[in-house]
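>>> Make a model of this:
(chains A, B, C and D)
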2 protein chains.
Amino acid sequence: MTRVEQEPGSARRPKRDREATRRRILNAARDLFGEHGYDGVTVRMIAARAEANTALVNRYFGSKAALFGEVLAGESVIRGVIAGDPGGLPRRLAEHFVRLLDQGSVTAMSRMLDRSAGQPEVKEILLHYLEDVIVEPIVAQLDGPDARARALLASTIIMGGGPVRRLLGLNDLRAADPAELTDRLTAMFTAALAPLPTSRLPAS
Amino acid sequence: MTRVEQEPGSARRPKRDREATRRRILNAARDLFGEHGYDGVTVRMIAARAEANTALVNRYFGSKAALFGEVLAGESVIRGVIAGDPGGLPRRLAEHFVRLLDQGSVTAMSRMLDRSAGQPEVKEILLHYLEDVIVEPIVAQLDGPDARARALLASTIIMGGGPVRRLLGLNDLRAADPAELTDRLTAMFTAALAPLPTSRLPAS
DNA sequence: ATGTTATGTAGACGCTTGTTTACTTGCAAC
DNA sequence: GTTGCAAGTAAACAAGCGTCTACATAACAT
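Got it, this is the predicted structure:
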């Protein structure tokens, strides 16, 4: 009876590890949703990637939609980007955008958004995410009139990056001088967010 | 085999009218794809909306994907927007964007793009559309370095409008003064397209 | 009226989806 | 060992998808 009496939560590594399996599924879902969007991913794909049984996805997360929601909840890097001094917000957003370009597959979020509004239930989840994590924090940093409209314009740039990257590729964007690209994006975000329209350009 | 003894387009109204049915299906597809994207629409939905039999969709268009391509081919309003004097391009794009906001459901295109990249075949169709109808014409108008990168940035704004509108709604954008909104968007497009970064703003 | 052809229809095909059920197996306490 | 339970599995479920085939029917030429 030489049995190892281990503390609960100690370093024992059972072959059947609920938490580890759950984590593998969650990671697989994050990667796949990020790459193909909600509709482009099947529960079987997630399970295969996680090297787990298909039924475990529903067992641990209830449903595919709920799993999607949990993935979304873990992807809030942009929160830290928005937070900070309001004056530097456009540049921080621009730098974030450029950073996403360089990372590629790691950036689950933006790619997730464009192809993921199938069922109304998922649309609801996405809506709340965008509202609470992106739009609302930006609005909170803005002074002046039409704060929400300005935040929506900035969101337009952020969300447009996904489809453009996915469909048209980003080699041509990466090819450009990163500093210049950042400047350009900063100007775009500034134009979107400035309290008053930055300039009245000559109409055509 | 010329079995049409009547003038084409004359006043006969047969109950079974191939062209009319085909048109009804195409219109229904345009509306539905515009509203729900490629994956969000089924062949049966299209047939129901067109008050036609499901099999006729495939009979007249070969496949759902081919029908999508035909719908896309008919949606090239933006072509005329891009064409014109290069200096006024940012403002024309901005005005187009604002116009889309006001129209709502008529604007099939932009809403079609974000949720429509399911099968690789459809992605191919979309890619060529974006490339030939949006990016390439814009590039053709640009001078200076990194023309394609700048065109992609402008496309980012255009394509971002779809998801933002669909998910977050556009009432807050419409609420703002249209003239001011146009100015703001013009500045954004200018920042994206200008030969050199418009300004180097103080970093945060 | 009759025959032919194009148009429309009903239904099934094969496949994939998310989900659930019944079962097997590993692990640990007794 | 033996038992009990959690973890994992295989298979099936119902529903939905795009597509196709066999059939009915309206419209025209004769």
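>>> okay, CA-based contacts and neighbour counts for the rest of this
Noted.
>>> Can you list the buried residues in stretch A:44-59?
A:46, A:47, A:49, A:50, A:52, A:54, A:56, A:57 (16 or more other C-alpha atoms under 10 Å in any protein chain shown).
>>> pretty sure the third one is touching residue A:28, no?
Read it as residue A:49. Yes - counting by C-alpha atoms under 8 Å, residue A:28 is a contact partner of residue A:49 at 5.8 Å.
>>> which secondary element of chain A has the worst mean pLDDT?
In chain A, the helix or strand scored least confidently by mean pLDDT, DSSP states H and E is helix A:108-114, which has a mean of 53.
>>> What is the burial count for residue A:177?
For residue A:177, the tally of surrounding residues (other C-alpha atoms under 10 Å in any protein chain shown) stands at 11.
>>> just residue A:62 next, same as before
Using other C-alpha under 10 Å: residue A:62 sits among 11 other residues.
>>> From chain B, how far off is it?
Using C-alpha to the nearest C-alpha, to the nearest Å, we find residue A:62 at a distance of 23 Å from chain B.
>>> ditto for residue A:58
For residue A:58, the distance to chain B (C-alpha to the nearest C-alpha) stands at 23 Å.
>>> Surely that residue is in contact with residue A:65?
No - Residue A:58 lies out of contact with residue A:65 (C-alpha under 8 Å); the separation is 9.9 Å.
>>> How confident is the prediction for residue A:44, by pLDDT?
In this model, residue A:44 is scored at 97, pLDDT.
>>> Now do it against residue B:101, distance only.
Look at residue A:44 and residue B:101: by C-alpha to C-alpha, to the nearest Å, they are 39 Å apart.
>>> which ones are touching residue A:196?
Taking C-alpha atoms under 8 Å, 6 or more residues apart in numbering or on different chains, we find residue A:196 in contact with residue A:144.
>>> Residue A:195 reaches residue A:144, doesn't it?
Yes - look at residue A:195 against residue A:144 with C-alpha under 8 Å: they come within range, at 5.3 Å.
>>> of those two, who's got more company?
Higher neighbour count among residue A:195 and residue A:144: residue A:195, with 15 against 10, using other C-alpha under 10 Å.
>>> Tell me the spacing between that one and DNA strand C.
Going from residue A:195 to DNA strand C by C-alpha to the nearest atom of the strand, to the nearest Å gives 43 Å.
>>> So what does that residue look like in phi/psi?
phi -50, psi -40 (degrees, to the nearest 10).
>>> Could you pull up the contacting residues of it?
A:142, A:143, A:144, A:145, A:147.
>>> Grab the longest helix from chain A for me.
helix A:18-36 (DSSP state H).
>>> right, and the helix or strand after that one?
Using DSSP states H and E, the helix or strand that follows helix A:18-36 in sequence is helix A:43-50.
>>> ok, that following helix near chain B or not?
No - using C-alpha under 8 Å from any C-alpha of the partner chain, helix A:43-50 never reaches chain B; the gap is at least 15.1 Å.
>>> Can you tell me the closest non-neighbouring residue to the residue of chain A found nearest chain B?
Closest contact between chain A and chain B, by C-alpha to the nearest C-alpha, is at residue A:160 (3.4 Å). Using C-alpha to C-alpha, 6 or more residues apart in numbering or on different chains and skipping residues adjacent in sequence, the residue nearest residue A:160 is residue B:160, 3.4 Å away.
>>> wait, what's in contact with that neighbour?
Residue B:160 neighbours (C-alpha under 8 Å, 6+ apart): A:155, A:156, A:157, A:158, A:159, A:160, A:161, A:163.
>>> repeat for residue A:45
Counting by C-alpha under 8 Å, 6+ apart, residue A:45 has no contacts.
>>> Go again with 10 Å.
A:28, A:29, A:32, A:51, A:54 (C-alpha atoms under 10 Å, 6 or more residues apart in numbering or on different chains).
>>> now do residue A:59
residue A:22.
>>> what helix or strand does it sit in?
Assigned by DSSP H and E, residue A:59 falls in helix A:54-61.
>>> now that helix against helix A:43-50, angle please.
With axes from the mean of the first three to the mean of the last three C-alpha atoms, to 10 degrees as the basis, helix A:54-61 and helix A:43-50 are set at 90 degrees to each other.
>>> Is DNA strand C within reach of helix A:54-61?
Yes - using C-alpha under 7 Å from any atom of the strand as the criterion, contacts between helix A:54-61 and DNA strand C involve A:54, A:55, A:58, A:59.
>>> Show me what secondary structure element comes after that helix.
helix A:64-74.
>>> these two touch, right, residue A:127 and residue B:167?
Yes - using C-alpha atoms under 10 Å, residue A:127 is in contact with residue B:167, at 5.8 Å.
>>> where does chain A have low pLDDT?
Counting by pLDDT under 70, chain A shows low-confidence ranges at A:1-14, A:103-120, A:170, A:198-204.
>>> Around DNA strand D, pick out the residues from it.
Residues of chain A lying near DNA strand D (C-alpha under 7 Å from any atom of the strand): A:15, A:16, A:17, A:18, A:21, A:52, A:53, A:54, A:55, A:56.
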